[in-house]
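*Asks:* sequence and predicted structure below; questions after.
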Amino acid sequence: MSTLSIDESELIRASISACASSQHSQTPAIPLPAVLVCLTTLPWELQLEIASHLDVRNIILLRQTCHLYRDYFTVDAIDKLFTNQGRVDELRFCCYKCLTIPASRDLVLDKTRGPNQWRSLCFICWRIDHSPSIHDATREAYDIQFSNNRHGHVCLWCGWPTFFNYYHVRCGDIFDATDNFWWCMASLRCTMLAVVSGTIWFHYTGNYQVVIPAMLNFFTSFVVVFLVSLYYFRWGCTTPLRVPIEVMMTLAWIPAVVYAAQDLANNKENPDQYSYLVCTVFVARCFIYFLNLLCEAMLVLGYNPRDFAHPGISERRKLLYVFCSFMVYWGVARYRRFRLKKIKRGTV
């Protein structure tokens, strides 16, 4: 069988491109040369021989001309065609899932496929099928390679590929804003607890059932603020020491709550406002622990905080995921920075 000349091959490529572009435009279709008009009238073997001289971009354009070529030139058929001809390298800028060729030529290589296979994925297909969950903290899961031989990482905030650091610039700003907000709220909470504890301490002078818990909470509040500041400025992970202290502070407050509740029950007509204050502090601390427990439970149940950036979800579900992710990051913000350091070192 005679091969096509260079001029005939170029004519076929131009005709396919014109036909594909005319189907997606509002302008009248461009008159096609007779070689394409008669292409489908040729024997099927000859049509395949002609198609074997095309590159992957023109084969994708050929798929857009009619259902016959679209049904035949599937992912497996294109893969087999270029593999048999030893032209697998031409497929590295085309996604093997959706058969798109991004203009930037930036595709992610699928690690689950061999080096001699077609394994390029566009960002959307890779984000849907292969982006690691937050529960996978191995360094190998966050290191990725692109089809243009560049290396990158997976953004720790949104789960999309990034070329430089372990997060995008905008995601890094959100990281910092979340940590800053958490540190400000934690410091403000401890400072207010110290003020309230000092006020109750001086009001109930002589009542050791209230004074002793107030004294303990007053002094330990400054210790907690110091430990929070140590963590925030990355001088060390103080969470294993800080959490037991906060739990001890809450348990120590129980005798004062019992006394305040009895006082409110005995003086319903003229209740002491400080008794309300004692009970409010205890309820607020229990509510904060409940929120932290809820965040940890969401993680244990397998929720991935990066699901809000998943492509193709509805706006309502995205808003729900944003709220849930904020709650989770609020609960786990105390170890997120150190998690990043461990990933960079290659440990879990």
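*Replies:* Arrived safely, thanks for sending.
*Asks:* does anything pack onto the longest helix along the chain? Which helices or strands?
*Replies:* If you go by DSSP state H, the chain has its longest helix at helix 169-203. In this structure, helix 169-203 packs against helix 208-232, helix 273-300, helix 315-345, with contacts taken as 3 or more Cβ pairs under 8 Å, 6 or more residues apart in numbering; DSSP states H and E. The C-beta positions use only the backbone N, C-alpha and C, and glycine is treated the same way.
*Asks:* at 6 Å instead, please
*Replies:* helix 208-232, helix 315-345 (3 or more Cβ pairs under 6 Å, 6 or more residues apart in numbering; DSSP states H and E).
*Asks:* lowest mean pLDDT across these, which one is that?
*Replies:* For these, mean pLDDT drops lowest on helix 315-345, to a mean of 69.
*Asks:* show me the shaky parts of the stretch 151-300 of the chain.
*Replies:* Scanning the stretch 151-300 of the chain for pLDDT under 70 picks out 231-239.
*Asks:* residues near His67, how many?
*Replies:* Applying other Cβ atoms under 10 Å, we find 8 residues neighbouring His67.
*Asks:* and it, how far is that from Glu90?
*Replies:* Between His67 and Glu90 the computed distance is 25 Å (Cβ to Cβ, to the nearest Å).
*Asks:* what do you get for Leu109?
*Replies:* 15 Å.
*Asks:* how about Leu156?
*Replies:* For Leu156, the distance to Glu90 - Cβ to Cβ - is 34 Å.
*Asks:* and those two? Which one has more around it.
*Replies:* Leu156 (24 against 14).
*Asks:* checking that one next. Helix, strand or coil?
*Replies:* coil (DSSP: H, G, I helix; E, B strand; the rest coil).
*Asks:* for stretch 161-175, measure first residue to last.
*Replies:* 17 Å (Cα to Cα, to the nearest Å).
*Asks:* what residues does it touch?
*Replies:* Val108, Phe123, Ile144, Gly152, His153, Cys155, Leu156, Trp157, Cys158 (Cβ atoms under 6 Å, 6 or more residues apart in numbering).
*Asks:* and which of those residues is nearest to Glu315?
*Replies:* Distance to Glu315, by Cβ to Cβ, is smallest for Cys158 among these, at 16.8 Å.
*Asks:* so who does that closest one touch?
*Replies:* So Cys158 contacts Cys171, Arg306, Ala309 (Cβ under 6 Å, 6+ apart).
*Asks:* and stretch 281-293, how far from the chain's centre?
*Replies:* Put simply, stretch 281-293 sits 28 Å off its chain's centre (Cα atoms, centre = their mean, to the nearest Å).
*Asks:* pull out the buried positions in that stretch.
*Replies:* Val281, Phe282, Arg285, Asn292 (16 or more other Cβ atoms under 10 Å).
*Asks:* stretch 314-330 too?
*Replies:* Tyr321, Cys324, Ser325, Met327, Val328, Tyr329, Trp330.
*Asks:* now do stretch 82-93
*Replies:* Quick answer for stretch 82-93 (16+ other Cβ under 10 Å): Phe82, Val88, Leu91, Arg92, Phe93.
*Asks:* please apply the same query to stretch 93-102.
*Replies:* Phe93, Cys94, Cys95, Tyr96, Lys97, Leu99, Ile101.
*Asks:* now, among the contacts of Cys158, which is nearest to Asp136?
*Replies:* So of these, ranked by how close each gets to Asp136 (Cβ to Cβ), first place is Arg306, at 11.1 Å.
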